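Colleague: coords below, sequence missing:
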């Protein structure tokens, strides 16, 4: 299983200047190559190498950095082609489609640049790296990180690392190949996880992950976003972009904490985790306008993926179940009726009279379906992810 570890670099002023010049040179070369690729209609790695390798070497780049620039440009055009084919950039002829396809791909001056082991070496014990720059090799470049991250780097780092400049700070992002723990073959039941609007996650053990403070913060974020969008000035756009990044980081942090709590509880009790298969949820569900805004403003997919990769690391089995009627089905008598939900928070069965919090009742149904899925052997495992550790 692949994990991504991010560490912060602590360069001196001279080292920072060399790193900035190197990143700028690499991305300037990538922009030049992107324009050449767009002009000649050549976007494959082999084609770009034949077309422009010698010219890249003449732009202060050594052999390996030049090849990494080639691959970065080729991968960017491959991703654009995939998005065009999938319809992610709008319909052909639309403004969005033309904006994406009518000009060369560009790279920011501080965009990430990959380095392999020929250009970058790690000395984890001394918390330093040695890295190639256009001003020569930098040795003894200090970095810092969480002890768990440093342990992963020491034992599991594989492949390339990316140099990144973000918000005035330097980072290295390394890929680690982490062995998966043996999966529990006979779990002691399953913890059902219901994902929702008021409570982001509710487990069948009775834990609710959210709270009024978080929902108030999300409402405040939406109001500010709407205000800035209506203003429409350049300064408002800059502030909206900065605020969006802050929202995304907060959501990622909360999703990490929720997923860690759920996986830790499952590991401690010897259970598996049952999740709803939420593919296409935005197209399936019918909600009032305020609820639609709330639903679309939280990354439930990210939370699910975090739960999956953390569960793999400790051997906790994860299954995905059919989400239909989990909120309308009674977890006691299994009677299904839309009238079983007299309000958003309450479940009251029309058949047996069972009353419980609606999210908790749904999580019990998900847990039961998870066990049935496991017994049938129809385990559902999502594709692998490379999240930040």
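Modeller: Cool, got the structure. All of these numbers come straight from a predicted model, not from anything done at the bench. Residues are numbered from 1 along each chain as shown.
Colleague: Got phi/psi on residue 317?
Modeller: phi -70, psi 140 (degrees, to the nearest 10).
Colleague: Identify the residue spatially nearest to it, adjacent ones excluded.
Modeller: Spatially, and ignoring its direct neighbours in sequence, residue 317 is nearest to residue 272 (3.9 Å; CB to CB, 6 or more residues apart in numbering). C-beta: built from backbone N, CA, C; applies to glycine.
Colleague: how close does that neighbour get to residue 33?
Modeller: The gap separating residue 272 from residue 33 is 48 Å, by CB to CB, to the nearest Å.
Colleague: Next: residue 100.
Modeller: 19 Å.
Colleague: Residue 318 now?
Modeller: The gap separating residue 318 from residue 33 is 42 Å, by CB to CB.
Colleague: For stretch 135-143, give the mean pLDDT please.
Modeller: Averaging pLDDT along stretch 135-143 gives 93.
Colleague: Next: stretch 115-128.
Modeller: 92.
Colleague: How about that stretch, which residues are buried there?
Modeller: If you call a residue buried by 16 or more other CB atoms under 10 Å, then stretch 115-128 has these buried ones: 115, 119-120, 122, 124, 127-128.
Colleague: farthest pair in these?
Modeller: Using CB to CB, the buried residues of stretch 115-128 span at most 19.2 Å, a distance reached by 119 and 127.
Colleague: secondary structure element for residue 202?
Modeller: strand 199-203 (DSSP states H and E).
Colleague: And the helix or strand following that strand, how far out from the chain middle?
Modeller: Following strand 199-203 in sequence order, the next helix or strand is strand 208-210 (DSSP H and E). Strand 208-210 sits 21 Å away from the centroid of its parent chain (CA atoms, centre = their mean, to the nearest Å).
Colleague: Could you pull up the mean pLDDT of the longest helix belonging to the chain?
Modeller: If you go by DSSP state H, the chain has its longest helix at helix 234-269. Per-residue pLDDT over helix 234-269 has a mean of 85.
Colleague: residues of that helix that come out buried?
Modeller: 240, 247, 251-252, 254-256, 258-259, 262-263, 265-267.
Colleague: and of these, the nearest to residue 15?
Modeller: residue 252 (29.1 Å).
Colleague: I figured that closest one was touching residue 302, is that so?
Modeller: Yes - the pair residue 252 and residue 302 qualifies as a contact (CB atoms under 8 Å) at a distance of 7.0 Å.
Colleague: The spatially closest residue to residue 118 that is not a sequence neighbour in helix, strand or coil?
Modeller: The shortest distance from residue 118 to any non-neighbouring residue, by CB to CB, 6+ apart, is to residue 64 (5.0 Å). Secondary structure state of residue 64, per DSSP: H, G, I helix; E, B strand; the rest coil, is helix.
Colleague: Now for residue 64: which residues touch it?
Modeller: 115-116, 118-119, 132 (CB atoms under 8 Å, 6 or more residues apart in numbering).
Colleague: just for this protein, where's the confidence low?
Modeller: The model of the chain has pLDDT under 70 over residues 184, 211-215, 278-298, 378-389.
Colleague: hey, where'd the strands end up in it?
Modeller: 2-10, 113-115, 120-123, 128-131, 138-144, 157-166, 169-177, 190-195, 199-203, 208-210, 272-276, 318-321, 346-348, 355-357 (DSSP state E).
Colleague: now these in a markdown table, with distance to residue 336?
Modeller: A markdown table is the format used below for the strands of the chain (distance: least, CB to CB, whole Å):
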| stretch | distance to residue 336 |
| --- | --- |
| strand 2-10 | 41 |
| strand 113-115 | 52 |
| strand 120-123 | 56 |
| strand 128-131 | 58 |
| strand 138-144 | 54 |
| strand 157-166 | 49 |
| strand 169-177 | 45 |
| strand 190-195 | 16 |
| strand 199-203 | 19 |
| strand 208-210 | 24 |
| strand 272-276 | 16 |
| strand 318-321 | 15 |
| strand 346-348 | 12 |
| strand 355-357 | 15 |
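Colleague: Figure out which of those strands is closest to residue 39.
Modeller: strand 113-115 (23.2 Å).
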